[in-house]
Structure formats: structure tokens, C-alpha cells
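Dropping the sequence and predicted coords here.
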Amino acid sequence: MSIFAAMKDRVIIIGANGQIGTELALALRGKFGYENVITSDIRAPKTLAENEVFETINVLDKEALSALFDKYQPTQIYLLAAMLSATGEQYPQKAWDLNMNGLLNVLDLSLQHKINRVFWPSSIAVFGPHSPKTDTPQFCTMDPNSIYGISKLAGERLCEYYHEKFGLDVRSVRYPGIISWKTEPGGGTTDYAVHIFFEALKNGTYESFLSENTALPMLYMEDAIRGTLALMDTPADQLTIRSSYNLAGISFTPKMIAEEIKKILPNFTITYAAHDPRQAIADSWPASIDDSSARKDWGWTPKFDLTEMTADMLQNLKNKS
Ligand code: NAD
């Protein structure tokens, strides 16, 4: 057994207070223990339990980040800080700066600090109008036209480059739209599929910013976290993709999700906004994804279908209120 295998893992999550980080931190704490999960973000969390370790950090401040690595001697890094698709279109330069230089800082420092494994998520936004629309394959034409998608595609190339050239064990998935109830989403094009549940319970109605037949790939948070941990646990020699794995869950349209909600809340109504800039982004993205490489290499299978996810979302949001 190598000394690394014998050593207990300690992880730092960067951008831990967002939609995914909040739940990933819970899962990682369950796995490695509170003292071995350091959460960090540019803003402090609203609440912090006594045994949670948190550090305020800007991922663009490389010196501070290096000091953080020195302080905690992590074995794994999860980089979640990013500007998402819809917000990115409002601030393209800032989105590029955060998404690219944040990643470069982490890759570079991970090499210097001999980090065992790095996780960085890409997105279905790496595909574009000339990519096949359904069952979008792992390898195909990729011509993203949002600054977010462009930065994610460049990020994938950087991850593969650091793996091939320097041997850094960096792993990635192309998350679809993530649906969850614990933390609200952070400005993406698929956020409607989360807002719709909050509004259905609060007001019984929802105005969708995407048109009724816009199909997009989505994934329930529980599946996303399980998949992320499974990828990070897979022996390195089983992984054939070092850019980013396609990952699929459920593909549906606003109309389909509204119909599922109506089965539980029969009075729920949905309307559709006439014009929204997010529609153009959604129109350039796949409707469904072929994730056979992830299934083959590390046994990926999602558990939640649309009906199960809808019931689980509504139940958890009801319990929360
Ligand atoms: P989010 O916006 O909810 O959270 C991002 C977090 O990063 C926030 O807490 C924010 O405060 C923090 N942050 C912003 N700037 C920072 C900085 N300079 N330094 C440190 N922290 C900073 O995002 P999320 O939905 O949790 O997404 C996490 C990752 O997953 C991102 O890379 C995103 O592109 C990717 N992803 C998310 C989805 C989704 O549907 N949520 C889909 C595909 C890919």
C-alpha cells in the first residue's frame, strides 16, 4: 500500500456555499469526517456549525490559496467557484476571468502541493448549435456560443493538458442542469426547473423563462453527488477521459415537468415568458446526452426519473417550509 493510500484524505472545497457545494460538503463530511473537509468561499456562509471548518478565500488570489493549501495539507481539491451561464452573459470578462484563472490557479497549485486528486466540473454548455442535439456524444463538434460554455470547453482542454503533460490526477464531469431543494441555484439557464417547485408550493403558478417544448438534460442533486463521489473513488487507470465525462440523468421540457407537478398539485398552472435571453442559450444546448463512457468506465447510473424527482422535491420543500 502506498503512503498516500494509507494516509487519510483531507479535502478543500472552493466555492462551497453554492448550490452544489452545500450538498457536496455534507456528503464529503459524512465520508471523511468534519475535521477533514475544509469549505471555502468568497463569502461566508449564513450559518456555520461548531465542527465545520470554513475559510474565506478568493480563488483568484493565488497567494492566499497557496497559504490555504499549506495550512491544511489537503489530498483532494474540489473547485466549484464559477460564474454560471446566465450571469456570465451579463459580465463576460468577469466570467472568463473567474472561470479560467480560478481553474489555472488551482491546477498549478495542485501540482506544486502534490495534491492526489482534483475535481472540477464542466457543463453541457460546452456543446453548441452544431453539436448533435439528441444523445449528444462524448466526442463531437463543440462550438459553444455562451462565454460560460467557451470557458468550460477551454477548462476541459486545460484539465486534460495538466493530466497528460504533468500527470495531475484531475477528474471532471459535464453536469447537466442540477435540481435541488437545499440551496437555490446560482444563475444558470436550467434554474427554471428548480424555481418551478418553489413557486408551485408558494403561489400555485409559475412563469417559465424557457418555452414549453425546450428539452434540456437535467440531474437530481442526490444523483449528481453520488456520481461525483463515484468518479473520485475510481482507480485512475480505469479512467479513459481526462477532459470531462458526459453525464446524463433526466431530459424534460417545462411542459413535462409542469404536468408531473399537476399530478401532485392539481391546481398548479404554468405560463411562458415571451422573450428571455436564456432561451437562446438553451436553444444552443443538447436536449439529451449520451453518457456511455461514464457508465462503462466508472459504473455511472442515475437513480431518479422525472416522477420520483418531482415527488421528492415537493415533499422536501413542504417539510422545509
Ligand atoms: P453557485 O453559483 O451556486 O456557487 C458557486 C460558489 O462560488 C458561490 O458560493 C460563490 O460565492 C463562490 N464564488 C464565486 N466567486 C468566487 C471566488 N472568486 N472565489 C471563491 N468562491 C467564489 O454554482 P453551483 O451551481 O454550485 O456550481 C458549481 C460548479 O458546477 C460550477 O463550476 C458550475 O459551472 C458547475 N455546474 C453547475 C451546474 C448547475 O446546474 N448548478 C450545471 C453544470 C455545471
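Looks like it arrived, so ask away.

State the pLDDT value of the residue of the chain found nearest the ligand.
Nearest residue of the chain to the ligand, counting by CB to the nearest ligand atom: residue 18, 1.8 Å away. Using the backbone N, CA and C atoms, a C-beta is placed for each residue, glycine as well. Model confidence at residue 18, expressed as pLDDT, equals 96.

How many neighbouring residues does the closest residue in space to it that isn't next to it in sequence have?
Leaving aside its chain neighbours, residue 18 sits nearest to residue 186 (5.0 Å; criterion: CB to CB, 6 or more residues apart in numbering). Residues within reach of residue 186, counting by other CB atoms under 10 Å, total 18.

Could I get the contacting residues of residue 186?
18, 19, 84, 87 (CB atoms under 8 Å, 6 or more residues apart in numbering).

now with 7 Å?
Contacts for residue 186 (CB atoms under 7 Å, 6 or more residues apart in numbering) come out as 18, 19, 84.

Looking at these, which are in strands?
In strands, judged by DSSP state E, none of the contacts of residue 186 are found.

Can you tell me which of those comes closest to residue 141?
For residue 141, the nearest member of the contacts of residue 186 is residue 84. The distance, counting by CB to CB, is 23.4 Å.

Touching, the closest one and residue 191? I think so.
No: taking CB atoms under 7 Å as the contact criterion, residue 84 and residue 191 are not neighbours in contact, 8.5 Å apart.

Which residue, neighbours along the chain excluded, lies closest to residue 185?
When the adjacent residues along the chain are set aside, residue 185 lies closest to residue 191, with 4.3 Å between them (CB to CB, 6+ apart).

ok, that neighbour - how many residues close by?
Taking other CB under 10 Å as the neighbour definition, residue 191 ends up with a count of 22.

so it makes contact with residue 180?
No: under the contact definition of CB under 7 Å, residue 191 does not touch residue 180, with a separation of 10.9 Å.

Which pLDDT value belongs to the residue nearest to residue 137 when sequence neighbours are not counted?
On the basis of CB to CB, 6+ apart, the spatially nearest residue to residue 137 that is not a chain neighbour turns out to be residue 290, at 5.0 Å. We note a pLDDT of 98 for residue 290 in this prediction.

Could you do residue 176 as well?
We note a pLDDT of 98 for residue 176 in this prediction.

cool, the one 3 residues further on as well?
Listed pLDDT for residue 179 reads 96.

Flag every residue of the stretch 101-250 of the chain that's near the ligand.
121, 123, 175, 177, 178, 185, 186, 188, 190 (CB under 6 Å from any ligand atom).

okay, those in JSON lines with secondary structure next?
As requested, those are arranged in JSON lines below (DSSP: H, G, I helix; E, B strand; the rest coil):
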{"residue": "121", "secondary structure": "coil"}
{"residue": "123", "secondary structure": "strand"}
{"residue": "175", "secondary structure": "strand"}
{"residue": "177", "secondary structure": "strand"}
{"residue": "178", "secondary structure": "strand"}
{"residue": "185", "secondary structure": "coil"}
{"residue": "186", "secondary structure": "coil"}
{"residue": "188", "secondary structure": "coil"}
{"residue": "190", "secondary structure": "coil"}
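
The lengthiest helix in the chain: which residues count as buried?
Of all segments of type helix in the chain, defined using DSSP state H, the longest is helix 147-166. Going by neighbour count (16 or more other CB atoms under 10 Å), the buried part of helix 147-166 is 147-153, 155-156, 158-160, 162-163.

Against which helices or strands is it packed?
For helix 147-166, the helices and strands in contact under the criterion 3 or more CB pairs under 7 Å, 6 or more residues apart in numbering; DSSP states H and E are helix 85-90, helix 92-96, helix 102-112, strand 122-123, strand 170-171.

Name the stretch among these that sits most buried.
Burial among these, expressed as mean neighbours by mean count of other CB atoms under 10 Å, is greatest for strand 122-123, which shows a mean of 27.

Can you list the strands that that one pairs with?
Strands that pair with strand 122-123, judged by DSSP bridges, come out as strand 173-175 (parallel).

And the partner strand, how far out from the chain middle?
Distance of strand 173-175 from its chain centroid, counting by CA atoms, centre = their mean, to the nearest Å, is 7 Å.

for stretch 234-244, same thing?
Going by CA atoms, centre = their mean, the spacing between the C-alpha centre of stretch 234-244 and its chain's C-alpha centre is 18 Å.

which residues in the chain form helices?
Counting by DSSP H, the segments of the chain that form helices are 3-6, 19-32, 62-72, 85-90, 92-96, 102-112, 147-166, 192-202, 221-233, 254-264, 277-283, 292-298, 306-320.

Run a quick neighbour tally on the residue of the chain closest to the ligand.
Burial of residue 18 is recorded as 21 neighbouring residues (other CB under 10 Å).

quick one, what contacts it?
80, 183, 186.
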